[in-house]
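Engineer: With the input below, show me the fold.
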Amino acid sequence: MATILSRYLGELRTEQVHVASGSTFQTDAPIDNHGRGELFSPTDTVCAALSACMMTLMGIAANTHKINIVGCRAEVTKSMASDPRRIERIKIRFYDFPVSLSQKEQVILERAARTCPVALSLHPELIQEISFDWPD
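Structural biologist: Just a heads-up that it's a prediction; the model follows:
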């Protein structure tokens, strides 16, 4: 059974349907690539997937080790290359952790983030610049 059903809506817009839940989202081509830039672009969704996957793996590790990361945030910056047009770099900065964490807890969370399936699935030439602003 399919995981996602995709449909082209015209004018460089697509709709994605998650089969199991019925949840949907749409994408739009960016302004610099003939689109309207009114929604996430397909390459934006790749960057969001990386951030979400890293947070999810950090959440699993946090639950296992009784670490509170509720409310932590990430700032994601995408850089594009041309010839061929592709994502060249994804920069993610994790911040706003709710409590001070020990060095051991920080290592646990960083290792979890860096081993997420999305991170491991991306092309090795795509630069993943990941940083953590740990509270004092």
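Engineer: Beyond the lengthiest helix in the chain, next helix or strand please.
Structural biologist: Criterion DSSP state H: the longest helix present in the chain is helix 42-65. Using DSSP states H and E, the helix or strand that directly follows helix 42-65 along the chain is strand 73-81.
Engineer: contact partners of that following strand?
Structural biologist: 43-44, 47-48, 50-51, 54-55, 86-96 (C-beta atoms under 8 Å, 6 or more residues apart in numbering). No exception for glycine: its C-beta is placed from N, CA and C like everyone else's.
Engineer: Could you export the longest helix of the chain as PDB, CA atoms only?
Structural biologist: This file holds the C-alpha atoms of helix 42-65, laid out as PDB (Å, rounded to 0.1, in the frame of the first residue of the first chain):
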ATOM      1  CA  PRO A  42       9.500  20.700  -2.400                       C
ATOM      2  CA  THR A  43      13.100  21.500  -1.300                       C
ATOM      3  CA  ASP A  44      11.800  23.300   1.800                       C
ATOM      4  CA  THR A  45      10.000  20.100   2.700                       C
ATOM      5  CA  VAL A  46      13.300  18.200   2.600                       C
ATOM      6  CA  CYS A  47      14.800  20.700   5.000                       C
ATOM      7  CA  ALA A  48      11.700  20.600   7.300                       C
ATOM      8  CA  ALA A  49      11.800  16.800   7.200                       C
ATOM      9  CA  LEU A  50      15.500  16.800   8.300                       C
ATOM     10  CA  SER A  51      14.700  19.100  11.200                       C
ATOM     11  CA  ALA A  52      11.600  17.200  12.200                       C
ATOM     12  CA  CYS A  53      13.400  13.900  12.000                       C
ATOM     13  CA  MET A  54      16.300  15.100  14.100                       C
ATOM     14  CA  MET A  55      13.900  16.500  16.700                       C
ATOM     15  CA  THR A  56      11.900  13.200  16.700                       C
ATOM     16  CA  LEU A  57      15.100  11.200  17.300                       C
ATOM     17  CA  MET A  58      16.100  13.600  20.100                       C
ATOM     18  CA  GLY A  59      12.600  13.200  21.600                       C
ATOM     19  CA  ILE A  60      13.000   9.400  21.600                       C
ATOM     20  CA  ALA A  61      16.400   9.600  23.300                       C
ATOM     21  CA  ALA A  62      15.000  12.200  25.700                       C
ATOM     22  CA  ASN A  63      12.200   9.900  26.700                       C
ATOM     23  CA  THR A  64      14.600   7.000  27.100                       C
ATOM     24  CA  HIS A  65      16.900   9.000  29.300                       C
END
